[in-house]
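*Asks:* could you work out the structure for the sequence below:
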Amino acid sequence: MAIAALVLCCVVFVPLAVIVGIGLAIAVLVKSTPERNYGTGKAIVGIAIGVCGLIIMFGLFAWVSSMRTGTNVSRDDDGAVTSSGTVLTTALRVGDCYNSKAEVPESELVVVGTVDLVPCTESHAWEAFHDFELDEGPWPGDTEVARLAEGGCVEAFADFAGEPYQESTLEVYFFLPIEESWAEGDRTVLCNVGAGVPTTGSLKGSP
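*Replies:* Numbering: from 1, shown residues only. Have a look, this model is predicted:
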């Protein structure tokens, strides 16, 4: 039983297995006596490995969760970002400013996992200026989702910048649902604007 406990405690990427392993290791310690040792050494090592593994795993989960929700950055009472941090694109809100290492696609879709969120008073390449929901229904395909996303962002651009997108020197791109996230209920399109060079402050009203 001590060997089984040690093996399970080493499976640190399966928290349930680690918990079971720790339980078995504790049982070994309780069952063992000075006269009869059932493997207390292996049990103690297993508990140590298991506890350390759980701490690391839960820390990793918390870190990923904070990036997904954006809780690793500070916001003021109005929701404006006041500290910098790397977040998943799902954490972005309208009005957020950020930098991204990914190149903006000209024709093909690319996956952007994380961006560097910064206060808008600091130098940044992009600003999220609008979001909207696509209609419910079956997955319409990458091309159709991109067409709908582009249309919605271009339409919202005039209200944001003060002139039609076709007459502006600003660049627009968008984050949109993919087939996998669509199946989970994701319908959100986030529109982003940039000047082609790093800027400070908002581009609102800047044609």
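*Asks:* would you mark the buried spots in the helix or strand hosting residue 155?
*Replies:* Residue 155 belongs to helix 142-161 when elements are defined using DSSP states H and E. Within helix 142-161, the residues scored as buried using 16 or more other C-beta atoms under 10 Å are 145-146, 148-150, 152-153, 156-157, 160-161. Just so you know, the C-beta spots here come from the backbone N, C-alpha and C atoms, and that holds for glycine as well.
*Asks:* need those residues in a markdown table (columns: pLDDT).
*Replies:* Below are the buried residues of helix 142-161 laid out as a markdown table (pLDDT from 0 to 100):
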| residue | pLDDT |
| --- | --- |
| 145 | 93 |
| 146 | 91 |
| 148 | 94 |
| 149 | 93 |
| 150 | 92 |
| 152 | 95 |
| 153 | 94 |
| 156 | 95 |
| 157 | 96 |
| 160 | 95 |
| 161 | 93 |
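*Asks:* residues near residue 119, how many?
*Replies:* Counted with other C-beta atoms under 10 Å, residues neighbouring residue 119 total 18.
*Asks:* if we can go back for a sec, for residue 186, state which of the buried residues of helix 142-161 is nearest.
*Replies:* residue 145 (10.6 Å; C-beta to C-beta).
*Asks:* how about that closest one: what's its closest non-neighbour residue?
*Replies:* Counting by C-beta to C-beta, 6 or more residues apart in numbering, residue 145 lies nearest to residue 176, which is 5.5 Å off, once chain neighbours are set aside.
*Asks:* sec struct for residue 121, please.
*Replies:* Assigned with DSSP: H, G, I helix; E, B strand; the rest coil, residue 121 falls in the coil class.
*Asks:* name the next helix or strand downstream of the helix holding residue 155, please.
*Replies:* strand 171-175.
*Asks:* walk me through which strands that following strand pairs with, and which way each runs.
*Replies:* strand 188-194 (antiparallel) (DSSP bridges).
*Asks:* and the strand it pairs with, average pLDDT?
*Replies:* What strand 188-194 shows for mean pLDDT is 94.
*Asks:* got the contact list for that strand?
*Replies:* 89, 92, 94, 104, 125-134, 148-149, 152-153, 156-157, 160-161, 170-177, 203 (C-beta atoms under 8 Å, 6 or more residues apart in numbering).
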